[in-house]
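In: I would like to see how this sequence folds:
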Amino acid sequence: MKPLQTLEQTRPQGAAVAGFKAPPLRVGAMIPQGWVMDLPADLPADQQWRVMVRVARTLEAAGFDSGWLYDHFHTVPTPQTSSVFECWISTAALLSQTVTLRIGQLVTCNSYRNPALLAKMAATADVLSGGRLEFGIGAGWYEHEYRGYGYPFPRAGERIAMLEEALEVIGRLWSEPSVTYEGRYYQLRDAYCDPKPLQRPRPPVLVGGGGERRTLAVVARHADRANFGGSLDNFRHKADVLLDHCRRVGRDPAQLELTYSCPVLIGRDRDEVDRQVARYVGPGADLDRLRQESAVGVPEEVAAYLRRFVEAGASYLILNIRGAAELWPLELFAEEVLPLLRS
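Out: Residues are numbered from 1 along each chain as shown. As a prediction, the model looks like this:
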């Protein structure tokens, strides 16, 4: 196998990483829930919830495949007294408020719930929604939340090891009549998880994180989807590392799907784009870097940016379309960008 650097240097611009699963393109968007201060602060909490429902229904009506939620308790970049709706309660509630839209998590923090309980929650949500659950999970990272809620915050390597055990537990509970498991971090004794998920063989498992030595090895062994962000060069590099891990563990990369996530700042014209950038990025931003790691511009520019990742192998886009609570950016994206991406 060629070194990663050689692969990067020799791949033609825009070429896909060979070998990964390539289903038809799907597009999802984040649903505002407060983590990135994306809900109207002047509304009471029950009306903020109605905003979340309106966004989900708009995504459904506009032709998006899915809506996604963060799994966090405190706001970023700094914790503030502001609504942050709990991820899994919101997942179940939004599934009940929609008909065809799939709902996922980008991503569940493994440390916040016992994995056997999480498997039970996810299976129930999948059945109650008619098989519309997207399942995303990661090792966790937001130390302030851990400390605030009284969770231990072990070193990164231990959190990743816990994630790998959790994925084994969840996968077995979704497929076996009962499970006994003796791990370093989790132990089960004749655990039952019924009903099983409706989707077969299981809800697709997206593992978030791009750590090249350990996290992507876990992805290669246990995930159905990988999720990357950042620049096109970063996307290709992470995909190459993942491909190398698949070869090392004997996993067929055609069983794995690549997904891409980024912010989207869209406007009908240049003035509106500039207003969106000023509102959501602020003065003094590194605009060159912003445009390398975010889709910024009028619809044709946004589509061109995202198309580069599709051509590089991403078959699922999970986008943070800024201003989604106001609905018009979602509608503009659906009307003018989705047709360009899916043509």
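In: The residue nearest to Gly140 when sequence neighbours are not counted - how many residues pack around it?
Out: Nearest-residue entry for Gly140: Cys109, 3.9 Å, with adjacent residues in sequence omitted and distances by Cβ to Cβ, 6 or more residues apart in numbering. Backbone N, C-alpha and C define where each C-beta goes, glycine included. When neighbours are defined as other Cβ atoms under 10 Å, Cys109 has 24 of them.
In: For Phe85, see how far away Cys109 is.
Out: 15 Å (Cβ to Cβ, to the nearest Å).
In: sorry, back to before: which residues touch the residue nearest to Gly140?
Out: For Cys109, the contacting residues are Asp71, His72, Gly138, Ala139, Gly140, Tyr142, Glu145, taking Cβ atoms under 8 Å, 6 or more residues apart in numbering as the criterion.
In: Return the residues in contact with the first one.
Out: By Cβ under 8 Å, 6+ apart, the contact set of Asp71 is Cys87, Trp88, Gln105, Val107, Thr108, Cys109, Tyr112.
In: Who wins on neighbours among those residues?
Out: For those, counting by other Cβ under 10 Å, the largest number of neighbours falls to Thr108: 27 neighbours.
In: And it, how far from Lys196?
Out: Between Thr108 and Lys196 the computed distance is 19 Å (Cβ to Cβ).
In: what does Phe73 give?
Out: 30 Å.
In: If I look at Arg11, what pLDDT would I see?
Out: Reading off the confidence values, Arg11 has pLDDT 45.
In: for Pro3, same thing?
Out: pLDDT, read off for Pro3, is 35.
In: hey, which helix is longest across the chain?
Out: helix 156-175 (DSSP state H).
In: taking the mean pLDDT, what do you get for it?
Out: Model confidence over helix 156-175 averages 98 on the pLDDT scale.
In: buried residues in that helix?
Out: Of the residues in helix 156-175, those buried by neighbour count under the rule 16 or more other Cβ atoms under 10 Å are 159-174.
In: Could you pull out the helices in the stretch 201-343 of the chain for me?
Out: 215-222, 232-249, 270-280, 287-293, 299-311, 328-332, 338-342 (DSSP state H, counting those that start in this stretch).
In: and these, which one's lowest on average pLDDT?
Out: Mean pLDDT per stretch puts helix 287-293 lowest among the helices of the stretch 201-343 of the chain, at a mean of 91.
In: quick one on the thing from earlier: got phi/psi on the residue nearest to Gly140?
Out: When quoted as degrees, to the nearest 10, the phi and psi of Cys109 stand at phi -80, psi 110.
In: Which strand residues bridge it?
Out: Beta-bridge pairing for Cys109 (DSSP bridges): Gly138.
In: okay, it: pLDDT?
Out: Value listed for Cys109 in the pLDDT field: 98.
In: which residues sit in contact with Leu117?
Out: By Cβ under 8 Å, 6+ apart, Leu117 has no neighbours at all.
In: And Leu106, by the same measure?
Out: For Leu106, the set of contacting residues under the criterion of Cβ under 8 Å, 6+ apart consists of Met30, Trp68, Leu69, Tyr70, Gly136, Leu206, Gly208, Asn227, Ser261, Ile318.
In: quick one: which of these is nearest Gln255?
Out: Taking Cβ to Cβ as the measure, Gln255 lies nearest Leu206 of the contacts of Leu106, at 13.4 Å.
In: these two touch, right, the closest one and Arg225?
Out: Yes. Look at Leu206 against Arg225 with Cβ atoms under 8 Å: they come within range, at 4.0 Å.
In: Name the residue in the two with the higher neighbour count.
Out: With other Cβ under 10 Å as the criterion, Leu206 and Arg225 differ in neighbour count, and Leu206 comes out ahead with 26 against 23.
In: Spatially, what comes nearest to Ala166 if we skip its sequence neighbours?
Out: Ala166's closest residue in space is Pro115 (Cβ to Cβ, 6+ apart), at 3.6 Å.
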